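Asker: based on what follows, work out the 3D shape:
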Amino acid sequence: MADSKISQIWQDSYETFSATHHQSEIQEKASYAILNCKSGKLGCNISRCSECGHMEIHNNSCRNRNCPNCQAVLKEIWVDERRAEVIDSPYFHVVFTLPHELNPLIYCNQKLLYGLLHRCSAETLLELSRDQKYLGATPGIIQVLHTWNQELDYHVHMHCIISGGGLTPDRKIRKSKGRFFIPVKVLRDKFKGKFLSCLNLCHQKGLLTFSSACSRLRNSYEWNEWKSSLYEKDWCPYIKETFNGFGNAIEYLGKYTHKIVISNSRILSVSEDQVTFSARGKKPGDPRRSITLSHIEFIRRYLMHVLPSGFQKIRYYGFLNNRMKSKNLKVIFRLQGHQRFKRRYAKLSIAELLKAVWDYDIRICPECGCTSMKQLGRMHAAFG
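Answerer: Predicted structure coming up:
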């Protein structure tokens, strides 16, 4: 926890932030997790060397999905599970981004509209993939919702990894030739029409909430004018990456699945009331930039990206849909002759996983060097 600069910001300024800013229950929960992670307030594990008697106390992690200290192990386990689901085909990384004019409405209807973005992204890819003009088969899709940009501002977009091969209706394999098989303009028009049509249906059914920032949209005339302006905008999805060597597609996606709004490694400095962090250049090829915010503004932006309770930011579609995945993969691997990748870390304990991935052996005593550290037990937090 010594290098947890984000935790330092919360320790220095969260109390002040709480006094002046409203938070949802889930945002408060995330903040207390960041404050207490590895602090000892969540309990600890005690280990002792059976050779020299040296004792170690390891404070517990919070395991909150918004905490920068708790994602590395979860990411490795997730990537390992997905590795065994990779088929022999090209893979593509497609990104759908919503216009910023939608931001106020999305923010006050997060669970509904984040879910709608997931559904419309998947339906767009699946419907076009099944068309004989393009792939003529059902691919596998993994989608990950992100809501931020490099400045930590609100920027809602969906990362999709889609296989360039899939199952035809008669249960055969069809593969693309290595280039993304759906024209971007076709993808754009389909996605735009689908999302706006579903959004309008939500409006007609009275499912939307309107904050002060978008209160004018309660008026039906204003709503129709605003909706028309969105149809005129260029909703341009883009193909971020193509994997001809398909084996690295899942490793690549692992960078996105358990990524949070900002990691400790991007924090350059933390002063008494300001934080400076690095960001990519605004255009490809531009040098990295430094951005400085007050602690209060940093916390405000960070908490904007805490997802609603229970919301699944990673979802699976096509032949990877949870209900039919096992059966579909058995068919695909049988047709392709064999399963290319196997899980590396199945059935490993956390200690064994740390050794396998990071070459860190928690059994080695830091005093005598013997492989004899053994866990004595756990100490639970005791709050007064």
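
Asker: from here on, contacts and neighbour counts on C-alpha atoms
Answerer: Noted.

Asker: so where is the stretch 1-150 of the chain shaky, pLDDT-wise?
Answerer: Along the stretch 1-150 of the chain, the parts satisfying pLDDT under 70 run over 1-3.

Asker: try it again with 90
Answerer: Of all residues in the stretch 1-150 of the chain, those with pLDDT under 90 make up the ranges 1-4, 38-42, 45, 56-61, 63, 68-84.

Asker: which residue ranges of the stretch 151-300 of the chain form strands?
Answerer: For the stretch 151-300 of the chain, the strands defined by DSSP state E, counting those that start in this stretch occupy 154-167, 173-175, 238-243, 267-270, 274-279, 289-294.

Asker: can you give me the buried ones in the last one?
Answerer: Same thing as strand 289-294. T292, L293, S294 (16 or more other Cα atoms under 10 Å).

Asker: if we can go back for a sec, please identify the deepest-packed of the strands of the stretch 151-300 of the chain.
Answerer: Most buried of the strands of the stretch 151-300 of the chain, by mean neighbour count (mean count of other Cα atoms under 10 Å): strand 154-167, with a mean of 24.

Asker: got the angle for that strand vs strand 238-243?
Answerer: Angle between the axes of strand 154-167 and strand 238-243 is 50 degrees (criterion: axes from the mean of the first three to the mean of the last three Cα atoms, to 10 degrees).

Asker: please renumber the chain so that the first residue is 4 from this point on.
Answerer: Okay, residue one is now 4; in that scheme the one you just asked about reads as strand 157-170.

Asker: what pairs with strand 157-170, and is each one parallel or antiparallel?
Answerer: Here strand 157-170 has these sheet partners by DSSP bridges: strand 94-100 (antiparallel), strand 141-151 (antiparallel), strand 176-178 (antiparallel).

Asker: for R303, which of those strands is the nearest?
Answerer: Evaluated over the strands paired with strand 157-170, closeness to R303 peaks at strand 141-151, with 12.6 Å, by Cα to Cα.

Asker: now do the helices in the stretch 54-203 of the chain.
Answerer: Under the criterion DSSP state H, counting those that start in this stretch, the stretch 54-203 of the chain contains helices at 75-86, 106-110, 113-133, 187-207.

Asker: which one of those lies nearest to T23?
Answerer: helix 106-110 (19.7 Å).

Asker: check which helices and strands that closest one sits against.
Answerer: Counting contacts by 3 or more Cα pairs under 8 Å, 6 or more residues apart in numbering; DSSP states H and E, helix 106-110 packs against strand 157-170.

Asker: just want the angle from the strand it packs on to helix 113-133.
Answerer: Put simply, strand 157-170 runs at 30 degrees to helix 113-133, going by the same axes, to 10 degrees.

Asker: what's the average pLDDT for strand 157-170?
Answerer: Averaging pLDDT along strand 157-170 yields 95.

Asker: re the thing from before, dump the helices of the stretch 54-203 of the chain into CSV; add distance to M376 and mean neighbour count as well.
Answerer: As requested, the helices of the stretch 54-203 of the chain are exported to CSV (distance: least, Cα to Cα, whole Å; neighbours: other Cα atoms under 10 Å):
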stretch, distance to M376, mean neighbour count
helix 75-86, 21, 17
helix 106-110, 49, 18
helix 113-133, 45, 20
helix 187-207, 56, 16
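
Asker: N331: which of the ones you listed is closest?
Answerer: Of the helices of the stretch 54-203 of the chain, nearest to N331 by Cα to Cα is helix 75-86, at 14.4 Å.

Asker: what about dumping the CA coordinates of that closest one to PDB?
Answerer: Below are the C-alpha coordinates for helix 75-86, written out as PDB (Å, rounded to 0.1, in the frame of the first residue of the first chain):
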ATOM      1  CA  ALA A  75      -4.200  -7.600 -11.000                       C
ATOM      2  CA  VAL A  76      -5.000 -11.100  -9.600                       C
ATOM      3  CA  LEU A  77      -8.700 -10.900 -10.800                       C
ATOM      4  CA  LYS A  78      -7.500  -9.900 -14.300                       C
ATOM      5  CA  GLU A  79      -5.000 -12.900 -14.600                       C
ATOM      6  CA  ILE A  80      -7.700 -15.300 -13.500                       C
ATOM      7  CA  TRP A  81     -10.200 -13.900 -16.000                       C
ATOM      8  CA  VAL A  82      -7.700 -13.900 -18.900                       C
ATOM      9  CA  ASP A  83      -6.800 -17.500 -18.000                       C
ATOM     10  CA  GLU A  84     -10.500 -18.600 -18.100                       C
ATOM     11  CA  ARG A  85     -11.100 -16.900 -21.400                       C
ATOM     12  CA  ARG A  86      -7.900 -18.400 -23.000                       C
END
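
Asker: tell me how far it is from the chain's mean position?
Answerer: 13 Å (Cα atoms, centre = their mean, to the nearest Å).
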